[in-house]
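[1] Build me a model:
(chains A and B)
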Amino acid sequence: METLNSLFYGLSVALELPNLALIFGGCLMGTLIGVLPGIGPVGAISILLPLTFQLPPTGAIIMLAGIYTGAMYGGSTTSILINVPGEAASVVTCLDGYQMARQGQAGAALGIAVFGSFLAGTIGLIGLQMIAEPLSFLALKFGPPEYFAIILLGFTFIIYLAQQSVIKAAIMALTGLLLSMIGLDPITSQPRMTFGVINLFEGLHVAPLAIGLFGLAEVLDNLEKAAPKKILKVKIKSLFPRKTHWLQAKWAILRGTAIGFFMGTLPGGGPVLSSFISYGVEKRVSKNPEKFGHGAVEGVAAPESANNAAASTSFIPLLTLGIPPNVVLAVLFGAFLIHGITPGPLLIKEHPEVFWGIIGSMYVGNVILLILNLPLIPLWVQVLKIPDKILYPLIILLCVIGAYSINNNVFDILIMIIFGISGYLLKKFAYEPAPLILAFVLGPMFEVNLRRSLLMSQGSFSIFLERPVALAALVFFFIMVGLPIYRFIRKKMGWFPQRQ
Amino acid sequence: MDKRNITSSIFFILLAAFVLLNSLSMGIGSFSNPQPGFLLFTTSILLMATCVMLFAANFYHRNTEINLAGLWANLNWHKNIIVLFSLIVYTTAVPIIGYISATFALMAVLFGLGEMKTWTIIVSSLLAVFLSYGLFQYLLKIPLPRSVWAF
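    The predicted structure is shown next:
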């Protein structure tokens, strides 16, 4: 009953006229970002962060949350209509969505994607609302050893769930951790890796890093390819899927939602991975797996439901433990801090209007996106026709302003350029930048909690074994680290004899 | 041999070695009293070990052959050089000549890469500069860089 009252409170915050306008604006911008290939939600939230500086914290955060959910909805449009995913979580939607469009079923594909996203997003939100509050109260009992062990496990998930090479993801995470230590030491205030540059004393900010790695790098990567966009000339007859589509998609939507719900809460999981897993599961359980890749409606319904459910539940670890589980929420974590709010177990007590306001705004945002998406699809198709030669210079300009406005300092533009070049090279060398950003954001928390734990125990590691939560997290950590190392050595080096 | 992995692992080994040396000068401390260099030291050792594993695995793996030159083959990489060069010049110029002039020049270069007509480049650049200036400076009250002559 108390949760229901809190939800009504959240809805009342979200439905205040200025906040409603911000949710609407956020959803609209997010959908636009999701529609436009070349810039994903991470870059978008970082670039658009300055737009929120003059807003009250609640309004700022709910607008950014609106951008995130909007991008998840919008990504499917480009996947279905031009076979180019607007953002990474919609990559897998291309496989069947584009084929459906080629077969004259673009409307049905877009409709299933939007309705599936709405259902999954709403179910995810119910989960968020039910789990977040009790978990927050539990997290209040956590001390440095628990936090250290949970973040360590989080690092392992980030590496383990990498989409490409696990070892390269580990290199990225360790590099992110090193970058997080630039600046004054959090305990002794001694400068570290600053090389006398005063601008580095406060450390690097997550926004110029994210803008560089996900905004500028993405533009550089697309600019050199210069392939013209081929937009399928389709006549969208009806955006409402037929009964046969619903019958085919209903279980895919539910399975996608369940996968997304679970994966969203895992560090390193989130919308991208859940969309891939749900597609794989759907193909495996299907009686006609050969249909996949040739326009199967389940191939659109499952990943789109999964990525939206994950987008909702990924807020659970951020709001309750203060641990961002994916790279978008890592940037959002930075946004919380800019607005003077620290996400974590105390958030619900100290800033209930923000905590419940976010949840309320996401319900409202889901409804807005459902209403907004279907009639606006023809508009998004027109937006897709904006030539790259106009679009990319404008994205670069937004990157520059976004980086500068964090501290009103040109030095941050330089940092953004350096990380833009790094992101471009990382892509060339097949490294994922997401683990780097996540480790960068989690780094300071990780270090402080490790050092505090060691100071508390006077250097004894037994402190991590005496506390049940820390012990459980460490057991998982050792299993997860041990298994791939064993497999890697066995496979690559042949140090162990192969079984006959 | 995947030369991408060989090259990148060498780069990260050198980076880790550099951080390791710096961490030693900061002081590592002990488990009971960890100093500022403690986690830098540990992380750089781990990074080095991971990179050595990547290097070794690729060095002995001869099945795949990926050359670095192939990564830039048939691509308009010169456009990226122009973009990056203009951005670096922009960061140097913007505190001196201010947002409006510097951004106009930057946008003219960027729009120019799209091989548009001269008047389109000028009009698009002016529009981009004044719309962004109006939005951020006046509407969102975000102070944009001024020139040394304070405009």
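[2] which residues does the residue of chain B found nearest chain A contact?
    Relative to chain A, the nearest point of chain B is B:Gly114 (2.5 Å; Cβ to the nearest Cβ). Where you see a C-beta, it was placed from the backbone N, CA and C, and this is true even at glycine. Counting by Cβ atoms under 8 Å, 6 or more residues apart in numbering or on different chains, B:Gly114 touches A:Pro387, A:Asp388, A:Lys389, A:Ile390, A:Pro393.
[3] what would those look like in a markdown table with distance to chain B and pLDDT?
    Formatted as a markdown table, the contacts of B:Gly114 follow (distance: Cβ to the nearest Cβ, whole Å; pLDDT from 0 to 100):
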| residue | distance to chain B | pLDDT |
| --- | --- | --- |
| A:Pro387 | 7 | 85 |
| A:Asp388 | 8 | 83 |
| A:Lys389 | 3 | 88 |
| A:Ile390 | 7 | 89 |
| A:Pro393 | 4 | 92 |
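[4] Of those residues, which is the most crowded?
    The member of the contacts of B:Gly114 that has the most neighbours, counting by other Cβ atoms under 10 Å in any protein chain shown, is A:Pro393 with 26 neighbours.
[5] can you list contacts of stretch A:7-26?
    Stretch A:7-26 is contacted by residues A:55, A:58-59, A:62-67, A:70, A:129, A:352-353, A:355-361, A:363-365, A:368 when judged by Cβ under 8 Å, 6+ apart.
[6] ok, of those residues, which come out buried?
    By neighbour count, with 16 or more other Cβ atoms under 10 Å in any protein chain shown, those hold A:55, A:58-59, A:62-67, A:70, A:129, A:353, A:355-361, A:363-365, A:368 as buried.
[7] quick one: which of those sit in helices?
    In this view, these that belong to helices under DSSP state H are A:58-59, A:62-67, A:70, A:129, A:353, A:355-361, A:363-365, A:368.
[8] Summarise which helices and strands the helix or strand where A:Leu372 lies is packed against.
    Of the helices and strands defined by DSSP states H and E, A:Leu372 is found in helix A:352-383. With contacts defined as 3 or more Cβ pairs under 8 Å, 6 or more residues apart in numbering or on different chains; DSSP states H and E, helix A:352-383 has these neighbours: helix A:2-14, helix A:17-35, helix A:57-82, helix A:106-139, helix A:315-321, helix A:347-350.
[9] so the next helix or strand after that helix versus helix A:352-383, what angle?
    Later in the chain than helix A:352-383, the nearest helix or strand by DSSP H and E is helix A:388-407. Calculated by axes from the mean of the first three to the mean of the last three Cα atoms, to 10 degrees, helix A:388-407 forms an angle of 160 degrees with helix A:352-383.
[10] returning to that earlier point: wait, which of the helices and strands packed on helix A:352-383 is closest to A:Cys399?
    A:Cys399 lies closest, by Cβ to Cβ, to one member of the helices and strands packed on helix A:352-383: helix A:17-35, at 13.2 Å.
[11] Flag every buried residue along the closest one.
    A:19, A:22-35.
[12] now stretch A:288-306
    Across stretch A:288-306, burial judged by 16+ other Cβ under 10 Å covers A:291-292, A:295-306.
[13] Stretch A:152-168 now?
    In stretch A:152-168, counting by 16+ other Cβ under 10 Å, buried: A:152-162, A:165, A:167-168.
[14] for stretch A:437-454, same thing?
    Using 16+ other Cβ under 10 Å as the test for burial, stretch A:437-454 gives A:437-443, A:445-454.
[15] So which of these would count as near chain B as well?
    A:Phe446, A:Glu447, A:Leu450, A:Arg451, A:Leu454 (Cβ under 8 Å from any Cβ of the partner chain).
[16] For those, give me TSV that also has secondary structure.
    Formatted as TSV, the entries for these read as follows, by DSSP: H, G, I helix; E, B strand; the rest coil:
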residue	secondary structure
A:Phe446	helix
A:Glu447	helix
A:Leu450	helix
A:Arg451	helix
A:Leu454	helix
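[17] OK, contacts around the residue of chain B positioned farthest from its centre?
    Most distant residue from the mean C-alpha position of chain B: B:Ser32, 38.2 Å away (Cα atoms, centre = their mean). Counting by Cβ under 8 Å, 6+ apart, B:Ser32 touches A:Leu454, A:Leu455, A:Gln458, A:Gly459.
[18] change it to 10 Å
    By Cβ atoms under 10 Å, 6 or more residues apart in numbering or on different chains, the contact set of B:Ser32 is A:Leu454, A:Leu455, A:Ser457, A:Gln458, A:Gly459, A:Ser460.
[19] what about it, is that helix, strand or coil?
    The three-state label given to B:Ser32 by three-state DSSP is coil.
[20] give me phi/psi at it?
    Backbone torsions for B:Ser32, taken as degrees, to the nearest 10, come to phi -80, psi -20.
[21] Not counting its neighbours along the chain, what's nearest A:Leu223?
    B:Lys79 (5.1 Å; Cβ to Cβ, 6 or more residues apart in numbering or on different chains).
[22] And B:Leu24, by the same measure?
    The shortest distance from B:Leu24 to any non-neighbouring residue, by Cβ to Cβ, 6+ apart, is to B:Gly37 (6.5 Å).
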